[in-house]
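# This is a predicted model, with the sequence first.
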Amino acid sequence: MILFGLLLNMQRTIILFLFILFASSIFVISSHFANPPAPALYIAAGGCCVLAFLAIVQRYKQQTFSLSVTEVLLGGFFLFSIVYGEYNGSLNLEWIIMGVSLFLFYMFLKRTQVTIAWLFAGLVFIGIAQAIYGLGQYVHWFRNMAASGFRMSGSFDNPAGFAATLSVCFPFALFLLHKKEIYWKIPGSLAIVLFIVAVVLSQSRAGIITIIAISGIWTVKALNLKWLNSWGIRTKILCSATLIILILSGLYFMKKDSANGRLLIWQCSAHMIADKPLFGHGIGGFQREYMLYQANFFRNHPESSFSMLADIVKHPFNEFLLLLVEQGLVGGLLLGLFIYMLIREYRKNKKQETFYTMLCLIGIGVFACFSYPLGYPFVRLMAVFCAAFIMQAETRRWKIPKGLFSIIKPTVLVVSVALLVLTCNMFYNEYRWNVIAQRSLAGETKAVMPDYARLYKTMNRNGLFLYNYAAELNFIDENKTSNHYFEEASHYMNDIDIQLQMADNYQKMKQYKKAEKCLLEAHYMIPNRFIPLYRLAKLYEETNQREHVKSMATIILNKPIKIMSPEILTIQMEMKELINKI
């Protein structure tokens, strides 16, 4: 009867589906997958496909249809990104699925009216559950899923996802607090306290800045501080700039080394933009190219103070910088145009609910300046949801001719079903990958090689899978084949681990010059690591290059240590023995 009632009330059904979709994109994480966060991404994509399918079915008899300017803009952007990404050879199938799914999600939300207050309340409830989970980890009530030693990270692999989720939910807690009814104010007040405490304890600087920014804007709006209106524009800019500098300075000294490390990342990213300013390096271009640029930086600046801060980098810790690196000025201009249209539409329709969705987008934008919130499916869904809600009243539209619309309707149905099937297939493949990876760890590496070969047919655009497959081949000394797949993996991700593994393969195949080249590249990628230099010393020893052995051993013994470990002590002792032998 409950299900029947929900079907009769489409609004309730949509709210419930959106609530489940948002919650699943946060809390569904499983150790049954080789990449534990993958289920959340596939559930988010699958949910968007289901909504698009239901929307078309519901409106199938409709004879007229129109596209808004922003829909054409976003559709063109996605099409350009896919084509250019494929041209650069680094387009990941996951990005295609998520991109198309989010575009369908945006179109669905722009044409759907729901009771927004209840959905906002649902988002606050999701945030409260996440905050309690994180705080429970902080006091050791719940097990922490993160493998990196963070004290609290909620259902994510690090505090960035945890803080991003709470920051995104924070404006809707303020919405409940602003309501007149006490049954809204109580959960809103509770959520605000929990979110602030959890974000501060997570030590996420991006989260703290975002909470401060949202709170400041909301306070000015809610309290209607008329005395601010008497300030001139220059005074407002000066005070805002001073406040921002003070906050950033305080947070800089909170984690000084980490902040300095980001300066290195942004500097290398600027070089990437300068090399391909117009169209960028394509989707996935940052992971493919960045470590090579970092290696080139240290090759040209061997005495740089940044060398002790270098590490593996997969994101520039700034979503706007990532856009410029991968999509170039064209992508930046398209984003700027979309933001302009969003602000213009918001100013035309200043409702209470619209203010809080805009506040959420501002929060995502602030967080995006210092971290990678769009790396998490929930934040992507929320960004699309808020943008679509604001743009619902968009008036400029292009009417689709009836003949063309009669073709589009079944096409969208087929695409939605195809994407859903493809998403389910990738979901299953991730599960199968974990099964065979666990068997390999249990000592059945040779036995699972046929399974890896079968998975390769459908996962050959997944950089992590390609790396894992190549590493397993390296383990059973299939060195030539292993390097073939490492080369393929380097089209999607190219870091110190790939260079070290390729060097090992080349060394086993007696291709010493190629092995040396890979080890030197690995060293320049992260100069503070000891392993590349140690492997070079052993390579020179194997090829009987005594002077090179002595030189490399001396460099290792005099090398500054970032973090002392038993492994480094063992390496140093071995280098002393090598020098004594010579």
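Right, received. Where do you want to start? Numbering: from 1, shown residues only.

# now the strands for the stretch 1-150 of the chain?
Using DSSP state E, counting those that start in this stretch, the strands found in the stretch 1-150 of the chain span residues 65-68.

# pLDDT below threshold where in it?
1-11, 29-34, 36-37, 54-66, 89-90, 145-149 (pLDDT under 70).

# all helices of it, in order?
2-8, 10-27, 38-58, 69-88, 93-110, 116-138 (DSSP state H, counting those that start in this stretch).

# distance between the fourth one and the chain's centre?
Between the centre of helix 69-88 and the centre of its chain there are 19 Å (Cα atoms, centre = their mean, to the nearest Å).

# Just name whatever secondary elements it is in contact with.
Here helix 69-88 touches helix 93-110, helix 319-348, strand 397-400, going by 3 or more Cβ pairs under 8 Å, 6 or more residues apart in numbering; DSSP states H and E. C-beta here means a position set from N, CA and C on the backbone, and glycine is covered the same way.

# ok, and what's touching that helix?
67, 91, 95-96, 99-100, 103, 106-107, 110, 279-285, 327, 330-331, 334, 337-338, 341-342, 391, 394, 396-398 (Cβ atoms under 8 Å, 6 or more residues apart in numbering).

# Model confidence for the residue positioned nearest the centre of the chain, exactly?
Centroid-nearest residue in the chain: residue 375, 1.7 Å away (criterion: Cα atoms, centre = their mean). Confidence at residue 375, expressed as pLDDT, is 87.

# That one touches residue 316, doesn't it?
No - under the contact definition of Cβ atoms under 8 Å, residue 375 does not touch residue 316, with a separation of 11.6 Å.

# can you map out the helices along the stretch 201-350 of the chain?
Using DSSP H, counting those that start in this stretch, helices in the stretch 201-350 of the chain cover 205-223, 233-254, 256-275, 285-300, 319-348.

# out of these, deepest packed?
When the helices of the stretch 201-350 of the chain are scored by mean count of other Cβ atoms under 10 Å, the highest mean neighbour count falls to helix 285-300 (a mean of 21).

# quick check: angle from it to helix 69-88?
50 degrees (axes from the mean of the first three to the mean of the last three Cα atoms, to 10 degrees).

# Give me the buried positions along the top helix by length along the chain.
Ranked by residue count under DSSP state H, the longest helix found in the chain is helix 402-439. Within helix 402-439, the residues that count as buried by 16 or more other Cβ atoms under 10 Å are 409, 412, 415-416, 419-420, 422-423, 426-427, 429-430, 432-434, 436-437.

# For it, which helices and strands make contact with it?
Right, helix 402-439 is packed against helix 38-58, helix 93-110, helix 445-459, helix 463-475 by 3+ Cβ pairs under 8 Å, 6+ apart.

# And the helices and strands packed on helix 69-88: which comes nearest residue 444?
helix 93-110 (27.8 Å; Cβ to Cβ).

# Other residues contacting that closest one?
41, 44-46, 48-49, 51-52, 55, 68, 71, 74-75, 78, 81-82, 85, 283-284, 377, 380-381, 384-385, 387-389, 391-392, 394, 412, 415-416, 419, 422-423, 426, 461-462.

# if you set the cut-off to 6 Å instead, what comes out?
Residues outside helix 93-110 that contact it (Cβ atoms under 6 Å, 6 or more residues apart in numbering) are 45, 48-49, 51-52, 55, 74, 78, 283, 384, 388, 392, 423, 461.

# One more: stretch 361-373?
For stretch 361-373, contacts defined as Cβ under 6 Å, 6+ apart pick out 160, 164, 167, 206, 210, 213-214, 315, 317-319, 379, 383, 386.

# a markdown table please, covering those and showing pLDDT and distance to residue 263.
Formatted as a markdown table, these follow (pLDDT from 0 to 100; distance: Cβ to Cβ, whole Å):
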| residue | pLDDT | distance to residue 263 |
| --- | --- | --- |
| 160 | 87 | 18 |
| 164 | 93 | 22 |
| 167 | 94 | 23 |
| 206 | 88 | 16 |
| 210 | 92 | 21 |
| 213 | 89 | 22 |
| 214 | 92 | 26 |
| 315 | 88 | 15 |
| 317 | 89 | 10 |
| 318 | 90 | 12 |
| 319 | 92 | 17 |
| 379 | 92 | 25 |
| 383 | 93 | 27 |
| 386 | 92 | 31 |
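
# Return the member of those nearest to residue 13.
residue 386 (21.2 Å).
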